[in-house]
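**Q** below: sequence and its predicted model.
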Amino acid sequence: MSKIENSSNMTPVLLAHTQIPELLKKLQHFGDQSFQIRSTILFQKQYMCQRFKVWVDDWPDFTTIVIKKELSENLNDIYYIFTLDEKKLKNMLENTDIVEWENALFQAYPYDYHQIIEEITRKRGFGLRCEEDVFRLYKFNETRVNQRSIPEYVTVGALSPEMVDLVIKCKPSPFLGEKSARHLSYLLSTYPSICVFDENGTPIAFEIEYEYGAIGMLFVQPEYRRRGLGKLITTLFLKKCADFSYSPFVIIRDDNEISIQLHIDLGFQKTNIFLFSSMVLKEKA
């Protein structure tokens, strides 16, 4: 455990890896309010990410968490945030050097915090690219996963980094702009994905798991829809999560009625958690 210098009266604490289990235990007391940040931490622990740092405003009686995931020079560092006190969150972001603002991607944070990020980014003279939509979190609420049979005309495997162009073509991501391909390649080489192939080995459906633990980017080729492949892939992901004792969740726009119904049918439950992402642009605003 170490502390970081800053220009305010707050001295954030960098937690040691041995303190993370205690942090997770404390976060459970906040229920759904801390669900996303708990999932992020658990997911990183599961995949033994080394360049993953967790700061709190105080220890052991914390109100605010800032997580930094350091990536390569070609990708933005990723930050995740949680707070019970927005003034302390603002203080921690604004008056310490935890965040490298010109290389920051704030991912899947509660939309209530967006004004704070926007204000600090503007003060520092940087631009901010934001997702066009706010997403609602749905968490899996069943104790067991119903098995689904795999049709004889398909095989199941994983996406590879070489399939980046295919994924972008099917599920374009304007939010990340020119970094979309590099970021997606990183996801596919680091975290789980599931891909369904036809009898000729052509990908016809896929889904990935994001670095903060959400299952998403579900896609089925139009000619193969209404055959249950979407539910099949998500069910396979649920089984994988159950094997790791991990609570699966998805994030969906409120107007995406088809996806909402699919996931409710599988046992997902709507929450009142709304998540948003934004990326600080190196170019001055």
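**A** Received the coordinates, thanks. Residues are numbered from 1 along each chain as shown.
**Q** what is the burial count for residue 255?
**A** 8 (other Cβ atoms under 10 Å). All C-beta spots, glycine's among them, are computed from the backbone N, C-alpha and C.
**Q** how close does it get to residue 204?
**A** Residue 255 sits 26 Å away from residue 204, going by Cβ to Cβ, to the nearest Å.
**Q** residue 212 too?
**A** 27 Å.
**Q** next, the distance between the ends of stretch 181-200.
**A** By Cα to Cα, to the nearest Å, the extent of stretch 181-200 from end to end equals 26 Å.
**Q** for stretch 16-24, same thing?
**A** 13 Å.
**Q** contacts for it?
**A** 1, 15, 38, 41, 42, 45, 54, 56, 59, 60, 62, 65 (Cβ atoms under 8 Å, 6 or more residues apart in numbering).
**Q** from those residues, which would you call buried?
**A** Taking 16 or more other Cβ atoms under 10 Å as the criterion, what is buried in the contacts of stretch 16-24 is 15, 38, 41, 42, 54, 56, 59, 62, 65.
**Q** these: which two are farthest apart?
**A** 42 and 59 (19.3 Å; Cβ to Cβ).
**Q** tell me where this protein has strands.
**A** 2-3, 13-14, 52-56, 64-69, 77-83, 104-110, 126-130, 135-140, 155-157, 193-197, 203-209, 215-220, 249-252, 268-284 (DSSP state E).
**Q** looking at the ones you listed, which has the lowest confidence?
**A** Mean pLDDT is lowest for strand 2-3 among the strands of the chain, at a mean of 52.
**Q** ok, back up a step: got the buried ones among the contacts of stretch 16-24 as a markdown table, with distance to residue 134 columns?
**A** Formatted as a markdown table, the buried ones among the contacts of stretch 16-24 follow (distance: Cβ to Cβ, whole Å):
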| residue | distance to residue 134 |
| --- | --- |
| 15 | 30 |
| 38 | 21 |
| 41 | 23 |
| 42 | 24 |
| 54 | 25 |
| 56 | 26 |
| 59 | 32 |
| 62 | 26 |
| 65 | 21 |
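**Q** just the residues you listed now: which is nearest residue 245?
**A** Out of those, the member with the shortest distance to residue 245 (by Cβ to Cβ) is residue 42, at 8.8 Å.
**Q** how many residues are close by the closest residue to that closest one other than its chain neighbours?
**A** Take residue 42 and drop its neighbours on the chain: the residue closest to it by Cβ to Cβ, 6 or more residues apart in numbering is residue 246, 6.0 Å away. Residues lying near residue 246 (other Cβ under 10 Å) number 17.
**Q** likewise for residue 238?
**A** Residue 238: 20 neighbours (other Cβ under 10 Å).
**Q** these two touch, right, it and residue 145?
**A** Yes. Using Cβ atoms under 8 Å, residue 238 is in contact with residue 145, at 4.5 Å.
**Q** how's this protein carved up into domains?
**A** According to automatic domain parsing, the chain comprises the domains 2-132+276-284, 140-274.
**Q** gap between the two ends of the last one?
**A** This stretch, domain 140-274, spans 16 Å end to end (Cα to Cα).
**Q** over to stretch 62-72?
**A** First-to-last residue span, stretch 62-72, Cα to Cα: 30 Å.
**Q** buried residues in it, which are they?
**A** Buried positions in stretch 62-72, judged by neighbour count with 16+ other Cβ under 10 Å: 62, 63, 64, 65, 66, 67, 68, 69, 71.
**Q** now the two most distant members of these.
**A** Top of the distance list for the buried residues of stretch 62-72 (Cβ to Cβ): 63 and 71, 27.5 Å.
**Q** follow-up on the earlier one: among the buried ones among the contacts of stretch 16-24, which one lies nearest to residue 200?
**A** Distances from residue 200 to the buried ones among the contacts of stretch 16-24, taken by Cβ to Cβ, are shortest for residue 42, at 38.1 Å.
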